[in-house]
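> Next come a sequence and a model predicted from it.
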Amino acid sequence: IRDCFDPDGDGLYESYANTWPTDNSWFSGGGCAEETAYAFTQHRAAAELAQRAGDAAAAAAHAARADQIRASFLRTLWLEDRGHPGQSVEQGGHRRVRPDAWLYAIFCPIDAGLLSLDQATRALYYTEWGLERQDMPWGGQRCQPSNWVPSIWSLRQLWPGDTYALALAYFQCGQPDDAWTLLRGTVPDMALHGRVPGDLGFTVGGTDFSDCASPFGRTVVEGLFGYRPDYPKGVVRIAPQLPSHWDHASIATPDFSLAIRGGRYDLALTRPAAVELRVPVRARKVDAVTVNGAPVRWTVEPGYGSSVVVVQMPAVTTARVEVVTSGSVPAAPVQKHAIRLGESLRVDGMNHAFTNAGHQVCETIVQAGELPQRQLHKVTVRDPTADAARAAKRLTNAPAGARWAAVEVATQLNGDVREIFKQEYLSPRPNT
């Protein structure tokens, strides 16, 4: 794909027919977030395969290319002042970055691992303030894939697969309540209120259409229940992300089963593997952790609105893990704030000053008894001076005594539509 979509070798790749909505968008040779995320994933996978095959030179070359892609992505497409990736960068001319990103520019880089957890959390917040959310009558929300108008087919279609992929990104970042908001808002539309009971497709795609059903399956299996196998390395990672108001859930697939009730986790694998289990707890203390009744060592890390207990197990096919806690605490909700530019946010021992107006995210580490948690803060920073200047430029009513006159444009708009396809358009022209 490098020769075709990154001919200048800068590490940014043009998107072309590579996501569900790209059947009606084109980027004139400019590097885009989603194709760059695909290339990054491919080179990291190729480096691992080469390493396993004993080809150290190939492994080093692919790893170096992945590093170049990530550096180029963060240098060019990551918009630090806005807190999310831009959609694309112009191939020539001013090399401007388009800030009005669509969903694929958000969840593809998160899935690929191009962003740190802090960056990914900020990028997800963009989908809450920068894209249109639709509240559903049965609860939950759906998210428009873009703001791009005029709407041409999939650019403004509330496609279930897009929302499922966004929900997966929230699960991957340890924010299950936000992920559940999207799942709850999307699944019932067709499964309960559509023409076919249990349908995971969409009206314009067909019953159980794969573009919807497959991302639903991945979001539930890998996101909600956290099953992430890596059998080439002999490891299965399981990090269930149940919404905070759930106390039990279970799943059974041809590869694994997992039943959760309170602090008990019953796991079964069809093939033995070492297991890394990461489970959220909302308590002031962990009293004990056992595997099949025997005490084991464990560690704890801060999670968003919870603490995450990590348990390592040698190769197993079945295991019952019990996490015994005391001092139950409720899930810590996201804190939302509105301040003026130049003001500091003082909360949880933090004194943070924001240098840019707009929508920002920051976090603090707080203690719930003996256990650490991440407290997420979503902040709207207003600049009253800039807001007033913009408002002054917006004409809402014609001033008294205004005169209106027609402007002759024929001398400028003088092309002949019959000549369009006779031109060669040699310059400027994308190098693709």
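Arrived safely, thanks for sending. Numbering: from 1, shown residues only.
> Surely residue 283 is in contact with residue 330?
No: Residue 283 lies out of contact with residue 330 (CB atoms under 8 Å); the separation is 10.6 Å. (Glycine included, C-beta is placed from N, CA and C.)
> Do a quick rundown of the helices in the stretch 51-200 of the chain.
56-72, 104-112, 117-129, 160-172, 176-191 (DSSP state H, counting those that start in this stretch).
> Which of residue 283 and residue 330 has more residues huddled nearby?
residue 283 (21 against 10; other CB atoms under 10 Å).
> residues in contact with the residue nearest to that one when sequence neighbours are not counted?
Nearest residue to residue 283, sequence neighbours excluded (CB to CB, 6 or more residues apart in numbering): residue 325, at 3.5 Å. By CB atoms under 8 Å, 6 or more residues apart in numbering, the contact set of residue 325 is 263, 281, 283, 284, 285, 286, 287.
> Point out where the chain drops to low pLDDT.
Within the chain, the segments meeting pLDDT under 70 span 430-432.
> In it, which strand is the longest?
The longest strand of the chain (DSSP state E) is strand 306-328.
> now it: how far from the chain's centre is it?
Put simply, strand 306-328 sits 27 Å off its chain's centre (CA atoms, centre = their mean, to the nearest Å).
> ok, back up a step: how about CSV for the helices of the stretch 51-200 of the chain, with mean neighbour count added?
Shown next, in CSV, are these (neighbours: other CB atoms under 10 Å):
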stretch, mean neighbour count
helix 56-72, 17
helix 104-112, 25
helix 117-129, 20
helix 160-172, 26
helix 176-191, 22
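> Nearest approach to residue 4 belongs to which of these?
Among the helices of the stretch 51-200 of the chain, the nearest to residue 4 by CB to CB is helix 56-72 (15.4 Å).
> Now do the closest one: everything it contacts.
For helix 56-72, the external contacting residues (CB under 8 Å, 6+ apart) are 10-12, 31, 36, 39-40, 43-44, 46-48, 50-51, 114.
> Out of these, which end up buried?
The neighbour count (16 or more other CB atoms under 10 Å) marks 11-12, 31, 36, 39-40, 43-44, 46-48, 50, 114 as buried among the contacts of helix 56-72.
> Just the ones of those residues in helices?
36, 39, 40, 43, 44, 46, 47, 48, 50 (DSSP state H).
> which residues touch the residue lying closest to residue 146 once chain neighbours are set aside?
Distances taken as CB to CB, 6+ apart place residue 102 nearest to residue 146, at 3.7 Å, with adjacent residues excluded. Each residue near residue 102 by CB under 8 Å, 6+ apart is listed here: 21, 87, 131, 145, 146, 147, 148, 155.
> can you count the residues close to the fourth one?
So the one you mean is residue 145. Residue 145 has 25 neighbouring residues, counting by other CB under 10 Å.
> Surely it is in contact with residue 103?
Yes: in this structure residue 145 lies within contact range of residue 103 using CB under 8 Å: 4.7 Å.
> Which strand residues bridge residue 237?
Beta-bridge pairing for residue 237 (DSSP bridges): residue 228, residue 276.
> Wait, it touches residue 228, no?
Yes: the criterion here is CB under 8 Å, and residue 237 meets it with residue 228 at 4.4 Å.
> What's the separation between the most centrally placed residue in the chain and residue 188?
Centrality entry for the chain: nearest residue to the mean C-alpha point is residue 107, 3.1 Å, by CA atoms, centre = their mean. According to CB to CB, to the nearest Å, residue 107 and residue 188 sit 22 Å apart.
> Now do the contacts for the closest residue to residue 280 other than its chain neighbours.
Leaving aside its sequence neighbours, residue 280 sits nearest to residue 306 (CB to CB, 6+ apart; 3.9 Å). Residues near residue 306 by CB under 8 Å, 6+ apart: 244, 280, 281, 282, 331, 332, 373.
> Wait, residue 148 touches residue 156, no?
Yes: the pair residue 148 and residue 156 qualifies as a contact (CB under 8 Å) at a distance of 7.1 Å.
> follow-up on the earlier one: would you mind listing which of the contacts of residue 325 are buried?
Buried residues within the contacts of residue 325, defined by neighbour count using 16+ other CB under 10 Å: 263, 281, 283, 284, 286.
> Can you pick out the most distant pair from these?
263 and 284, at 14.0 Å, using CB to CB across the buried ones among the contacts of residue 325.
> how about residue 391, secondary structure?
helix (DSSP: H, G, I helix; E, B strand; the rest coil).
> ugh, wrong one, residue 386
Residue 386 - assigned by three-state DSSP - is helix.
> these two touch, right, it and residue 357?
Yes: the criterion here is CB under 8 Å, and residue 386 meets it with residue 357 at 6.5 Å.
> closest to residue 173 among the buried ones among the contacts of residue 325?
Of all those, residue 173 sits closest to residue 281, with 18.1 Å by CB to CB.
> give me every residue that touches the closest one.
So residue 281 contacts 263, 306, 307, 308, 309, 323, 325, 371 (CB under 8 Å, 6+ apart).
> Tell me the one of those nearest residue 291?
Nearest member of the contacts of residue 281 to residue 291, counting by CB to CB, is residue 323, at 10.4 Å.
> Bridged to that closest one, which residues?
residue 289.
> Tell me which residues touch it, please.
So residue 323 contacts 263, 264, 265, 279, 281, 286, 288, 289, 309 (CB under 8 Å, 6+ apart).
> Turn those residues into CSV, including distance to residue 406.
Listed next are those as CSV, based on distance: CB to CB, whole Å:
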residue, distance to residue 406
263, 75
264, 77
265, 74
279, 70
281, 71
286, 76
288, 83
289, 79
309, 72
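> Residue 421 should be in a helix, yeah?
Yes: checked against three-state DSSP, residue 421 lies within a helix.
> for the stretch 151-300 of the chain, what spans make up the strands?
Ranges of strands in the stretch 151-300 of the chain, per DSSP state E, counting those that start in this stretch, are 227-230, 235-238, 248-252, 256-261, 264-281, 283-291, 294-295, 299-303.
> For those strands, give me JSON lines that also has distance to residue 63.
Putting the strands of the stretch 151-300 of the chain into JSON lines (distance: least, CB to CB, whole Å) gives the following:
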{"stretch": "strand 227-230", "distance to residue 63": "18"}
{"stretch": "strand 235-238", "distance to residue 63": "20"}
{"stretch": "strand 248-252", "distance to residue 63": "35"}
{"stretch": "strand 256-261", "distance to residue 63": "31"}
{"stretch": "strand 264-281", "distance to residue 63": "23"}
{"stretch": "strand 283-291", "distance to residue 63": "35"}
{"stretch": "strand 294-295", "distance to residue 63": "40"}
{"stretch": "strand 299-303", "distance to residue 63": "27"}
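> Go through the ones you listed and name the closest to residue 316.
strand 264-281 (6.0 Å).
> Can you give me the buried ones in the closest one?
Residues of strand 264-281 classed as buried: 265, 267, 269, 273, 275, 276, 277, 278, 279, 280, 281 (neighbour count, 16+ other CB under 10 Å).
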